[in-house]
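Engineer: Have a look; sequence and predicted model below, questions after that.
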Amino acid sequence: EQLVLSAKAAIETVVDMGITQNDRIAIGGHSYGAFMTANLLAHSDLFRAGIARSGAYNRTLTPFGFQNERRTFWEAPEIYGAMSPFFHADHVNEPILLIHGEIDNNSGTFPIQSERFYHALRGHGATVRYVTLPYESHGYAARESILHVVAEMLRWCDTNLPDTESQ
């Protein structure tokens with residue numbers, strides 16, 4: 001709830017400043033930012049689209065703790081469920097682009113996180129695209145990969161954030 005309220009306040013600020021319109025705002029992030037992106041899409045309708053790169057979407061796949069949660073999954077299953085966008089995939093109504101390095105070796109963000117989240121979203125009818133970056137780990141390094149990511153993100157925004165002023 002606090003996350004949604006903070007995002008709403010930020011959106012109201014940029015709209016009031018005349019920087020953008022409400023219907024042209026996407027959210028994106030990498031790693032923990034991807035996790036937060038997915039949670040905001042699952043628990044609010046504040047954004048028109050999302051871009052999530054190399055995130056952790058099912059906290060039960062990290063059963064011995066995550067971020068500041070030190071209890072295990074077996075000690076606090078309700079927390080793990082509540083904090084997992086995977087379990088709320090049926091509430092994601094906005095288009096979401098998932099990007100993940102094929103050989104991500106970060107123990108919390110193995111590629112299976114994005115693969116399973118993609119299938120959950122798709123199974124619930126969401127508009128979703130999943131891009132795998134060959135030979136890339138948690139932080140993308142190859143020039144080709146970085147250019148590919150930028151091109152995917154720009155195309156995603158061009159497709160899902162139509163310019164309402166020119167229509």
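Structural biologist: That came through, no problem. Numbers count the residues shown, from 1 in each chain.
Engineer: Return the helix or strand in the protein with minimum mean pLDDT.
Structural biologist: Here the helix or strand of the chain ranked lowest by mean pLDDT, DSSP states H and E is helix 77-82, holding a mean of 91.
Engineer: Quick check: what element follows that one along the chain?
Structural biologist: Once helix 77-82 ends, the next helix or strand along the chain (criterion: DSSP states H and E) is strand 96-101.
Engineer: Direction included, what does that following strand pair against?
Structural biologist: Strand pairing for strand 96-101, determined by DSSP bridges: strand 49-53 (parallel), strand 128-133 (parallel).
Engineer: With respect to residue 147, which of those lies nearest?
Structural biologist: For those, the distance to residue 147 is smallest for strand 128-133, at 11.1 Å, taking C-beta to C-beta. No exception for glycine: its C-beta is placed from N, CA and C like everyone else's.
Engineer: returning to that earlier point: deepest-packed of the strands paired with strand 96-101, please.
Structural biologist: strand 49-53 (a mean of 24; mean count of other C-beta atoms under 10 Å).
Engineer: How about exporting that one as PDB, limited to the C-alpha atoms?
Structural biologist: Output of strand 49-53 as PDB, limited to C-alpha atoms (Å, rounded to 0.1, in the frame of the first residue of the first chain):
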ATOM      1  CA  ALA A  49       2.900  -0.200 -19.300                       C
ATOM      2  CA  GLY A  50       5.900  -1.800 -17.600                       C
ATOM      3  CA  ILE A  51       9.400  -2.900 -18.300                       C
ATOM      4  CA  ALA A  52      11.000  -5.400 -15.900                       C
ATOM      5  CA  ARG A  53      14.600  -6.500 -16.400                       C
END
